[in-house]
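*Asks:* A structural model of the following input is requested.
(chains A, B, C, D and E, ligands or ions: 4)
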Amino acid sequence: MSDHTERLYHIFIESFLPLLKAGVAFTIPLTLVSFAIGLVIAFVTALVRISPVGPLRGIARFYVWIFRGTPLIVQLFIIFYGLPSIGLTLPPFTAGVIGFSLSVGAYGSEIIRAAILSISQGQWEAAYSIGMTKRQALRRIIVPQALRVSVPPLSNSFISLIKDTSLAASITVTEMFQKAQEITARYYEPMLLYCEVALIYLVFSTVLSHFQNRLEHYFDSKSAKKGSLL
Amino acid sequence: MSDHTERLYHIFIESFLPLLKAGVAFTIPLTLVSFAIGLVIAFVTALVRISPVGPLRGIARFYVWIFRGTPLIVQLFIIFYGLPSIGLTLPPFTAGVIGFSLSVGAYGSEIIRAAILSISQGQWEAAYSIGMTKRQALRRIIVPQALRVSVPPLSNSFISLIKDTSLAASITVTEMFQKAQEITARYYEPMLLYCEVALIYLVFSTVLSHFQNRLEHYFDSKSAKKGSLL
Amino acid sequence: GNNSSNNADKNNSKKQTLLQQIKDRGTIKIGTEGTYAPFTYHDKNGKLTGFDVDIAKEVAKRLGVKADFVETKWDGMIAGLDAKRFDAVFNEVAATPERKEKYDFSSPYIVSKAALIVRKDNNTIKNFSDLKGKKSGQSMTSNLSKIAKENGAQIVSVDGFNQAIDLLKSGRIDATVNDSLSFLDLKKQQPNIPLKVVAEENSGSASSAMMRKGNKDLVKAVNKALTDMKKDGTYLKISKKYFNEDVSK
Amino acid sequence: MIEVKAIQKSFGEHHVLKGLDLTVKKGQVTVIIGPSGSGKTTLLRCMNLLEIPTNGTLRVGDISLTFEENVQPKPKDMLALRRKSGMVFQSYNLFPHMTVLQNIMEGPVIVQKKAKEEAKTTALQLLKKVGLADKADAYPDQLSGGQQQRVGIARAMAVNPEVLLFDEPTSALDPELVGEVLKVMKELAVEGMTMVVVTHEMKFAEEVADKVVLLDQGKILEQGEPSELFNHPKHERTRAFLSRLINPI
Amino acid sequence: MIEVKAIQKSFGEHHVLKGLDLTVKKGQVTVIIGPSGSGKTTLLRCMNLLEIPTNGTLRVGDISLTFEENVQPKPKDMLALRRKSGMVFQSYNLFPHMTVLQNIMEGPVIVQKKAKEEAKTTALQLLKKVGLADKADAYPDQLSGGQQQRVGIARAMAVNPEVLLFDEPTSALDPELVGEVLKVMKELAVEGMTMVVVTHEMKFAEEVADKVVLLDQGKILEQGEPSELFNHPKHERTRAFLSRLINPI
Ligand SMILES: Nc1ncnc2c1ncn2[C@@H]1O[C@H](COP(=O)(O)OP(=O)(O)OP(=O)(O)O)[C@@H](O)[C@H]1O
Ligand SMILES: Nc1ncnc2c1ncn2[C@@H]1O[C@H](COP(=O)(O)OP(=O)(O)OP(=O)(O)O)[C@@H](O)[C@H]1O
Ligand SMILES: [Mg+2]
Ligand SMILES: [Mg+2]
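*Replies:* Residues are numbered from 1 along each chain as shown, chains lettered A, B, ... in the order given. Ligands and ions are numbered 1, 2, ... in the order given. As a prediction, the model looks like this:
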């Protein structure tokens, strides 16, 4: 038994660095880049969905419907393995970023849309009353307030995304989870490796949630402090 | 080429029923049961987190932290393959339900907690002022209103869960996605099968979102109608 | 850098055969899982290695090109071949009739025995015929499940070899019919593992390299390389390196 | 009916109520006025234990509680004391997910465990009293502010409190809707309800109050009959406050 | 300055403004009163095009627009007309994510593209005028209601409108804070600002208004100088409305 423990210990130590490396080299950049682009898509989609332009709105709705309704892995598959048949052969990382961004965009647009709708009508009216155009009102008055509202739900999405990036293994990106499986294949210790990789994910999400809190505080410092609610 | 198309067509037709069967027999029950139990867990956790009992609150926070921060597949793995080593050998479906419920519980508790905190202090005070205990106020006044607020974000979770149940494949539940992979293993047509399975998922989520809308309307019919906000 | 040559690939696809394209670009792109020891896996230093990998490398060498491995999950491996992201797949693929409808296969480069694996303390299953009514963990992506089925086992569907072992260890299944060579490797890694092989069957499956249809010259070239390396002893060397025996039959 | 003795209340460092004594007699109407931030709301909330006083003694009816710094009173005692009084809020605080009738029945049925039928009868009587017999099945958001506030009064009365507390019950209302609420309150007063009302409706105070209390910076600056206090204020600050109220520009 | 001609406004089936004519002269203060739901807010919002009239003609300064059913006016024309007036809201509607100074500078800098420095100087002057020079860097939520409303006035004035529209600017305020806002409004009137004010502050109307307009059910029931209208109302309904306002119980 002690032999076994020692073996596990060794595997743990030996695999830690490669796992961390894969995390830092793929999981984290894939998450950050996809989330950033996804936010932009979410944002534009949300704006289109509340705009008065009918056809565009239809397209946005369709996009959200498809990308929320189908599994992310299928989306990645089609982007990476399907698009070459129409002459578009994307590198794995790029394909991953596109797939994850579109997924974040679809879920995120619903969040941002709800947030924009939650800003009181009075804010629009006040903006219009000082002569702003709709665009100016959105940019200067509505969106900054909506962003604050959407920080918590968006960070839920973000934390999910960190882990969802493991799907990139199917499109030849050796991210952290795939790395763990590689090591498992050598030592036949899936439970150990899974726990180890879970630990690293946990650290990642904890650090990133920490930024979420900082962001919330930043926004809060820009307006009133609410009293305790209970 | 026409031969190929015909082959694809045949595979599509042949696999449709088995896929749908797997969906109806596993994916849907797994989703519904896990979500229902998950909601209860989410709810209890949310209540504990806003309760004044320090140690319990700490436990709830820890649970949410762990289950949001680590990959669902690892959680399933530990429940299915890890627990037998302490003498607890669960059947696959049960293990799946436990894993998914705990995951829904963790994410959902954050949603419900936020919803409860979003109910105005005045509602608590009104409840207290007619002599209610805290428990009565929660049950009769706060929670019913909080539920309405949390329908949209919870249904985001729900739609995600439908697809996440595919992870149950790794604990030997032959749900829809696993079925697709089995068929793929025979015919080696992953793109076709994936698209087919995506289609079925899309139908499932569309139907289920429809219930979400109905639910929202039901809640809305129980109070004021809000005017258009833009 | 597995995509740097895609443009050349596209431009020439009309005029040239795949074999010529491969030779022109100087690399053959090979899809493999990289998580299946000892056939395709990573060594201590993280380098891709294994029996299939070495065979593929040797084949490439004999084609006069470099082997460019792309690793992905099993489903991606197939889709990648379809999408022309790879030229061939070396990953213990058995050439079943259904698969032959879609792909061309090389001549077999390995024949593995089917091993009946049970827990050490199991004294009821001694032979394949004892599988009747017992739970056997089988990967649906492999044809070993057929043997279990034919012997009347109740099939529990698993993801792969590792999962079957986990299930067996935790007592969730009674047996698994699996590759004897994989089990040997497992034993090497974990000498104390409480599992044993109670029977082997020679009618194990043969694995081949898998290629897109319509590339006869590539298949021919691969077959020639395989024949040549068997003749000149290179094959035996690789075979001995991983299995201490000749696995060609 | 109510006896407030040496009540103090601090929010952290902020000392809001600085030792207050106040007696409210059965059947009397006490009006509390005072500048914003003087502690009117806090005092009222202390009487209903929505805020827990830092120090002092509070008696409502036959229940009395003494508060000390950093000592949390027992929830049971708090509940008993709170149930002696009903509260009407500035912003109505009706339960938006319940009809008017359900709002009113909630206290009797859930808190007092009365039979539904009985509670309904009483609720309908109360609704008639506040002039809203026809709105029983409406939801709060379908009512005007004045109507909502009248429902608020009915809800507070439904649990048979010995005293009703009002915190600026008309200040969120359109000027023309103020009348309908004040009218209901006046009727209650005439019927002998004990009431404590924070309000700036001077007409109401003059006509209905038995006593007017002027709060300033957490202390009672002056109290007395309305005619006396309004016409012959003892303090310069009372005079200044009253004139600002009556003559804003 | 403002000419409202035969303005009608419907919300769906609900006919709110039923053909209104109103003239506001430069430098004059017009006070609009009327029962709740009579259309006061709607009329004011029509003047600022926060609601688009269904029919009729609206002129503000040198810009005139005619409305027809189901014809959406051009956004450019609407913007031009709207920029002639400033609006002060009942609920202030300050921008909560900006400081007081930023709130006031927002119009000049973003809409009128003025230089920041210039806008800041003007903003500080305006803040001084409304008595809040020391609150430039506070956020709205750190201010009392009266202070917020004064910022609202400064914000509306910052874009140099030819007319200021007020919708019950003091009705959300504590009675004691009403004075500070009315005082600022009175000063503006004295300085010759053209103003249209919906309010129930009769004292203010009496002292400051050049004209009082009584709206009832979407029509002008009566208009005239305040002394005339208050003391010698022509219509029975005017009398009833006024008495309800002055004597609520
Ligand atoms: N929960 C709280 N936490 C901290 N300070 C509070 C709290 N509630 C009230 N205060 C402070 O206590 C003081 C008195 O507040 P209170 O609401 O009792 O005044 P008020 O006389 O009702 O004023 P108003 O006429 O504006 O309603 C104020 O300075 C207020 O800021
Ligand atoms: N956006 C809207 N949609 C539908 N109906 C509306 C809308 N805005 C106002 N109304 C209706 O138009 C009528 C006039 O409303 P308005 O707000 O102009 O009245 P008001 O005179 O300002 O009343 P108050 O004194 O209560 O503010 C009301 O019956 C109201 O319900
Ligand atoms: Mg108060
Ligand atoms: Mg109005």
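
*Asks:* Provide the count of other residues in contact range of C:Tyr123.
*Replies:* Quick fix: residue C:123 is Asn, not Tyr. Look at C:Asn123: counted by other C-beta atoms under 10 Å in any protein chain shown, it has 9 neighbours. The C-beta positions use only the backbone N, C-alpha and C, and glycine is treated the same way.

*Asks:* does it count as helix, strand or coil?
*Replies:* coil (DSSP: H, G, I helix; E, B strand; the rest coil).

*Asks:* how about stretch D:13-25 against ligand 1, any contact?
*Replies:* Yes: shown here: stretch D:13-25 in contact with ligand 1 (C-beta under 6 Å from any ligand atom) through D:His14, D:Val16.

*Asks:* what about that stretch, distance to the chain center?
*Replies:* 16 Å (C-alpha atoms, centre = their mean, to the nearest Å).

*Asks:* And it, what's buried?
*Replies:* Of all the residues in stretch D:13-25, those buried under the rule 16 or more other C-beta atoms under 10 Å in any protein chain shown are D:Val16, D:Leu17, D:Leu20, D:Leu22, D:Val24.

*Asks:* Likewise for stretch C:166-176?
*Replies:* For stretch C:166-176, by 16+ other C-beta under 10 Å, it's C:Asp166, C:Leu167, C:Leu168, C:Lys169, C:Arg172, C:Ile173, C:Asp174, C:Ala175, C:Thr176.

*Asks:* And for stretch A:94-111?
*Replies:* Residues of stretch A:94-111 classed as buried: A:95-111 (neighbour count, 16+ other C-beta under 10 Å).

*Asks:* Distance to chain C added to the buried residues of stretch D:13-25, as JSON lines?
*Replies:* Listed next are the buried residues of stretch D:13-25 as JSON lines, based on distance: C-beta to the nearest C-beta, whole Å:
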{"residue": "D:Val16", "distance to chain C": "64"}
{"residue": "D:Leu17", "distance to chain C": "66"}
{"residue": "D:Leu20", "distance to chain C": "70"}
{"residue": "D:Leu22", "distance to chain C": "72"}
{"residue": "D:Val24", "distance to chain C": "73"}
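
*Asks:* ok, now which ones touch D:Val151?
*Replies:* By C-beta atoms under 8 Å, 6 or more residues apart in numbering or on different chains, the contact list for D:Val151 reads D:Tyr92, D:Leu94, D:Val100, D:Asn103, D:Ile104, D:Leu127, D:Val130, D:Leu132, D:Lys135, D:Pro140, D:Leu143.

*Asks:* ok but it is inside a strand, no?
*Replies:* No: D:Val151: not assigned to a strand; according to three-state DSSP it is helix.

*Asks:* pLDDT score for it?
*Replies:* The score at D:Val151 is 96. That number is its pLDDT.

*Asks:* ok, it to ligand 2 distance?
*Replies:* Distance of D:Val151 to ligand 2, computed by C-beta to the nearest ligand atom, to the nearest Å: 18 Å.

*Asks:* Could you single out the nearest of the buried residues of stretch C:166-176 to chain A?
*Replies:* Chain A has its nearest neighbour among the buried residues of stretch C:166-176 in C:Asp166, at 6.3 Å by C-beta to the nearest C-beta.

*Asks:* For the closest one, which three-state class applies?
*Replies:* Quick answer, by three-state DSSP: C:Asp166 is helix.

*Asks:* Can you lay out the contacts of D:Val151 as TSV showing distance to chain A, secondary structure and pLDDT?
*Replies:* What follows is the contacts of D:Val151, written out as TSV (distance: C-beta to the nearest C-beta, whole Å; DSSP: H, G, I helix; E, B strand; the rest coil; pLDDT from 0 to 100):
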residue	distance to chain A	secondary structure	pLDDT
D:Tyr92	19	coil	94
D:Leu94	19	coil	96
D:Val100	26	helix	96
D:Asn103	22	helix	96
D:Ile104	26	helix	96
D:Leu127	32	helix	95
D:Val130	31	coil	93
D:Leu132	29	coil	94
D:Lys135	27	helix	93
D:Pro140	19	helix	93
D:Leu143	21	coil	90
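
*Asks:* so which two of those residues are the farthest from each other?
*Replies:* Pairwise distances across the contacts of D:Val151 (C-beta to C-beta) peak at 15.1 Å, for the pair D:Tyr92 and D:Leu127.

*Asks:* counting contacts, what elements does the longest helix seen in chain A pack onto?
*Replies:* In chain A, assigned by DSSP state H, the helix with the most residues is helix A:190-221. Helix A:190-221 sits against helix A:2-22, helix A:143-164, helix A:176-187, helix B:54-69, helix B:72-77, helix C:161-169, with contacts defined as 3 or more C-beta pairs under 8 Å, 6 or more residues apart in numbering or on different chains; DSSP states H and E.

*Asks:* Can you tell me which of those is packed in deepest?
*Replies:* helix A:176-187 (a mean of 25; mean count of other C-beta atoms under 10 Å in any protein chain shown).

*Asks:* quick one: the helices in chain D?
*Replies:* Assigned by DSSP H, the helices in chain D fall at D:40-47, D:75-82, D:100-106, D:116-129, D:145-158, D:175-190, D:202-208, D:226-231, D:236-246.
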